[in-house]
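Visitor: My questions concern the predicted model and sequence given below.
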Amino acid sequence: MARYTGPKTKIARKFGEAIFGEDKNFEKRNYPPGQHGNARRRGKKSEYATQLMEKQKAKYTYGILERQFSNLFKKASASQGITGEILVQLCESRLDNVVYRMGVSTSRSGARQLVSHRHITVNGEIVNVPSYSLNEGDVVAVREKSKSLQAIEDALASNSSVYEWLTWNSDKKEGTFVKVPARLQIPENIKEQLIVELYSK
């Protein structure tokens, strides 16, 4: 399964944000990578460079590769509404992202692994496709055999995030994707309009 497996701190430093979650190395060196990272680079970024950087940031944040991301944009463009907002909502509706948001894993890459290793069910059926798009009312749960996994126990114990569009039952280790979140509810710092402008060129 194709996914980004390179250095995460280096990417986070490039964008100036800990986009992969808590990162002690990033906190120590939160300036761009490279030997001149701390020195300001001359010249202003072009409009294209700014738009491209925003697209790359969104892709790395959600762990989506180019072709998948391009397909999501086409789907968002064909939908009624604001394309940029729909694009972010489609990213949020992915199964791996929802597993991460529910606190079953401390990172999206960890959530992706749980899904692909068949630890997660949707409406009672095992789903091992991280990009699976959830619908309103879908019930996401940890598979019965996997409920005692230490990694899941630790992740749930350390999770304190609450999202209005998700519910979670700690006893049953299952939650409901209540509705697609509004853009204002999504905490990711992504300027989706720049991505729309880039793809519209």
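Guide: That came in fine, so what should we check first? Computed from a prediction, not measured in an experiment: that's the story for all the values here.
Visitor: what about the helices in this structure?
Guide: Assigned by DSSP state H, the chain shows helices spanning 8-15, 24-28, 47-62, 66-78, 83-92, 95-101, 108-116, 150-158, 192-199.
Visitor: how about these in JSON lines, adding mean pLDDT?
Guide: Shown next, in JSON lines, are those (pLDDT from 0 to 100):
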{"stretch": "helix 8-15", "mean pLDDT": "59"}
{"stretch": "helix 24-28", "mean pLDDT": "52"}
{"stretch": "helix 47-62", "mean pLDDT": "93"}
{"stretch": "helix 66-78", "mean pLDDT": "96"}
{"stretch": "helix 83-92", "mean pLDDT": "97"}
{"stretch": "helix 95-101", "mean pLDDT": "97"}
{"stretch": "helix 108-116", "mean pLDDT": "95"}
{"stretch": "helix 150-158", "mean pLDDT": "95"}
{"stretch": "helix 192-199", "mean pLDDT": "96"}
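Visitor: Break the protein into its domains for me.
Guide: The chain is divided into the following domains under automatic domain parsing: 8-91+188-199, 94-179.
Visitor: can you redo these as TSV with mean neighbour count?
Guide: All C-beta atoms are positioned from the backbone trio N, CA, C, and that covers glycine. Below are the domains of the chain laid out as TSV (neighbours: other CB atoms under 10 Å):
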stretch	mean neighbour count
domain 8-91+188-199	16
domain 94-179	17
